[in-house]
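>>> Provided below are the primary sequence and the corresponding predicted coordinates.
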Amino acid sequence: MAKLHRPGRPGDLPDARVLWTRWAAVAVATYDRDQEREPAHHRYGYWLDDDGLHWDDCGCTWWVFKWYGDGRAVLVGEDESSKVKTHEPAIDLLAGAPEWLPRQYVQGLIDDYMVGCVYWFDEGAWHRAPYPDGLADDGLDCGISSLTTREGAVGEIAERLEFDATDAGMPELCDQLLDAAERGTVTENVLRSFAESMTRLTEQHYPGDDSRPRTDDDIAAMFTLARRAGLDTAAWTGTLGVRS
């Protein structure tokens, strides 16, 4: 897992398109049909819905990543390692934020004492509010660092699917999916091949495991998510379900 600065810096994050495709690929790879039926406040893991991409471990960390068109995006969330909420004097997390940023939405989360940091992507770069010199951590490292590298994303897929990231064949399989996601070449056949190979690896490494193989409906649902996230095209516009 990559180690980011504490507190985080905008340069710690990869390009927003790369972060998005990597995050979305983890959500697709770890799709769970039962979790899809749960309301958002009961969900955990990685998923995609109308509010964007989510990562929530139901305890220590939660994050939302959403595009706002024209190459603009917002990353907001909290890890328990963040010292922002308890810092005195209070830190204005929206200082310097552009006019397009959804202030009512983000400020509502801040007012509800839910936010450890806010980053926004605009004009090809990440930004955040200035921090006081004494702030020890904003939670970006513990919360998001695994998604800043391919290796970290592979580890997240492995953990969610109850593999060890060093199991023979597992890293290569996940890396192939992540590569297809970043290039915008995910197809239903790519996902079917991924799922079938994952089943074979499960039988190879964990022969007593009783996990359910992916069904045709699962594959179709995974591809629907991939299309919504733009993983099937290089012409994605940064708006869910919209292509140029």
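Right, received. Where do you want to start? Not measured: the values here are computed from a predicted model.

>>> going forward, measure contacts between C-alpha atoms and count neighbours the same way
Fine.

>>> for the chain, what's the longest helix?
helix 188-205 (DSSP state H).

>>> after it, next one along is what?
Counting by DSSP states H and E, the next helix or strand C-terminal to helix 188-205 is helix 216-228.

>>> follow-up on the earlier one: contact partners of the longest helix of the chain?
Asp167, Gly169, Met170, Leu173, Leu177, Asp209, Pro213, Arg214, Ile219, Ala220, Met222, Phe223 (CA atoms under 8 Å, 6 or more residues apart in numbering).

>>> What are the boundaries of the helices in the protein?
16-29, 103-111, 140-144, 150-160, 170-183, 188-205, 216-228.

>>> who wins for proximity to Leu94 among the ones you listed?
With distances scored as CA to CA, the stretch of the helices of the chain nearest to Leu94 is helix 103-111 (7.9 Å).

>>> Might you list the low-confidence residue ranges for this protein?
Along the chain, segments meeting pLDDT under 70 span 1, 239-244.

>>> Please verify my assumption that Ala136 contacts Pro7.
Yes: the pair Ala136 and Pro7 passes the contact test of CA atoms under 8 Å, sitting 5.9 Å apart.

>>> what about the two, which has more around it?
Each of Ala136 and Pro7 has its neighbours counted (other CA atoms under 10 Å); Pro7 has more, 20 against 17.

>>> Tell me which residues touch the closest residue to that one other than its chain neighbours, please.
Nearest residue to Pro7 in three dimensions, chain neighbours excluded: Asp137, at 4.0 Å (CA to CA, 6 or more residues apart in numbering). With contact set as CA under 8 Å, 6+ apart, Asp137 has these partners: Arg6, Pro7, Gly8, Ser81, Ser82, Lys83, Val84.

>>> Between the residues you listed, which sits nearest Gly184?
Gly184 lies nearest to Gly8 out of those, by CA to CA, at 28.6 Å.

>>> can you count the residues close to the closest one?
Gly8, neighbours per other CA under 10 Å, totals 23.

>>> separation between the residue nearest to it when sequence neighbours are not counted and Gly238?
Sequence neighbours aside, Leu140 is the residue nearest to Gly8 in space, at 5.5 Å (criterion: CA to CA, 6+ apart). Counting by CA to CA, to the nearest Å, the gap from Leu140 to Gly238 is 23 Å.

>>> Looking at those two, which one has more neighbours?
Legend: neighbour count by other CA under 10 Å for Leu140 and Gly238, higher for Leu140 (30 against 22).

>>> Walk me through the domains of the protein.
Domain segmentation of the chain under automatic domain parsing yields 10-147, 150-228.

>>> Next, format the ones you listed as TSV and append distance to Ala2.
Converted to TSV, the domains of the chain look like this (distance: least, CA to CA, whole Å):
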stretch	distance to Ala2
domain 10-147	6
domain 150-228	7
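
>>> So which of these is nearest Ala234?
Closest of these to Ala234 is domain 150-228, at 4.8 Å (criterion: CA to CA).

>>> Show the end-to-end separation of that closest one, please.
Using CA to CA, the two ends of domain 150-228 sit 21 Å apart.

>>> One more: stretch 218-238?
Stretch 218-238: ends 25 Å apart by CA to CA.

>>> how far is that stretch from where the chain is centred?
Averaging C-alpha positions (CA atoms, centre = their mean, to the nearest Å) puts stretch 218-238 15 Å from its chain's average.

>>> hmm, who's touching that stretch?
Contacts to stretch 218-238, defined as CA under 8 Å, 6+ apart, come from residues 21, 24-25, 28-29, 31, 33, 48, 67-72, 180-188, 191-192, 195, 240-244.
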